[in-house]
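In: Predicted model, plus sequence, below.
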Amino acid sequence: MKRSNRLVTLTNFFLENPREHVQLPYFVRLLQTTKASVSEDMDIIDAVFQQEGLGYLNRTTGASGGVKFIPEFSQKKSFQFIEQLRQKLEDPSRILPGGYLYMSDLLGNPKTVKEIGRVFASVFSKTDIDVVVTVATKGIPLAYAVASFLDVPVVIVRRDPKVTEGSSVSINYVSGSSRKIQTMVLPKRSLQEGANVCIIDDFMKAGGTITGMVSLLEEFNANVKAIGVLAEADDEEEERVVDNYTSLIKISHVDIKGKKIEVQAGNIG
């Protein structure tokens, strides 16, 4: 196989299998070449990945040595993407009753969701995470995007039990914005005890929903290692009940009468 073909084959493998550790003999057989050639090919790919701010190849030596691709947006690319999001969200036509913003078009765009997942995965790339957890329904596409780059499964917390998921653990919690008592449910089989968890949500006002998820995960003795929120509301009237989190966007002011939205970058920087 020519080097140009090998480079395409290897690049495609790494992009399709992030964080999967593979030993070099596998690539030698796949490409029908030598270890030396494979190693040189990986040098080229690693250099381009880092130059383009897409991640890097983590290579290890020894009997169990091999390579895995760590997808990681450069800080420059992350900020460029967040700036694009910020500009889109400042469109006054997005204002909904109650001061909320219409975001369904962003959450329904596969390319945008993928890039959001890449940014969060880059922030949490050095964190030991076993599973991504979200609550139904709008956080689901974001959770899958993040999980795809971290190469971990997704667990979905629901508002009511499903008979097809077996016995479940449920808790009641107080919604931070409406101050209403609500319920969260998680099937017992969906999460191993003691798992390291990353919570992902699309929007946070006071943080009651995330606090509810944290309380529910405590029933599984899970360790919440990271919390990622696409957009947070900077509402002085609501006391924030979540402190340790990463947000991409902060909605600082919504003027319903004047039809003006002020959006800033979140605390990711």
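Out: That came through, no problem. Residues are numbered from 1 along each chain as shown.

In: Which residues are in contact with Ile116?
Out: 142, 145-146, 230, 248 (CB atoms under 8 Å, 6 or more residues apart in numbering). C-beta coordinates here come from the backbone N, C-alpha and C atoms, glycine included.

In: do His21 as well
Out: Contacts of His21 by CB under 8 Å, 6+ apart are 66-68.

In: List the ones among the contacts of Ile116 that fall in helices.
Out: Within the contacts of Ile116, residues falling in helices by DSSP state H are 142, 145-146.

In: so can I have TSV of those residues showing distance to Val157 and pLDDT?
Out: What follows is those, written out as TSV (distance: CB to CB, whole Å; pLDDT from 0 to 100):
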residue	distance to Val157	pLDDT
Leu142	14	97
Ala145	17	97
Val146	15	97
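
In: burial measure for Arg86, as a count.
Out: Neighbour count of Arg86, defined by other CB atoms under 10 Å: 20.

In: how near is it to Val123?
Out: To Val123, Arg86 is 17 Å away according to CB to CB, to the nearest Å.

In: what's the answer for Pro161, then?
Out: From Pro161 to Val123 the distance is 33 Å (CB to CB).

In: Pretty sure Cys68 sits against Glu20.
Out: Actually, residue 68 is Lys. It isn't Cys. Yes: between Lys68 and Glu20 a contact is recorded at 5.8 Å, counting by CB atoms under 8 Å.

In: The two: which has the busier surroundings?
Out: Per other CB under 10 Å, whichever of Lys68 and Glu20 has more neighbours is Lys68, with 17 against 13.

In: so is Gln87 in a helix, a strand, or just coil?
Out: Counting by DSSP: H, G, I helix; E, B strand; the rest coil, the backbone at Gln87 sits in helix.

In: Quick check: pLDDT value at the nearest residue to Ser64 once chain neighbours are set aside.
Out: Distance criterion CB to CB, 6 or more residues apart in numbering; nearest residue to Ser64, sequence neighbours excluded, is Gln23 at 7.3 Å. Gln23 is assigned 94 on the pLDDT scale.

In: Now do the most centrally placed residue in the chain against Ala226, distance only.
Out: Closest to where the C-alpha atoms of the chain average out (CA atoms, centre = their mean) is Val146, at 2.8 Å. Applying CB to CB, the value for Val146 to Ala226 is 10 Å.
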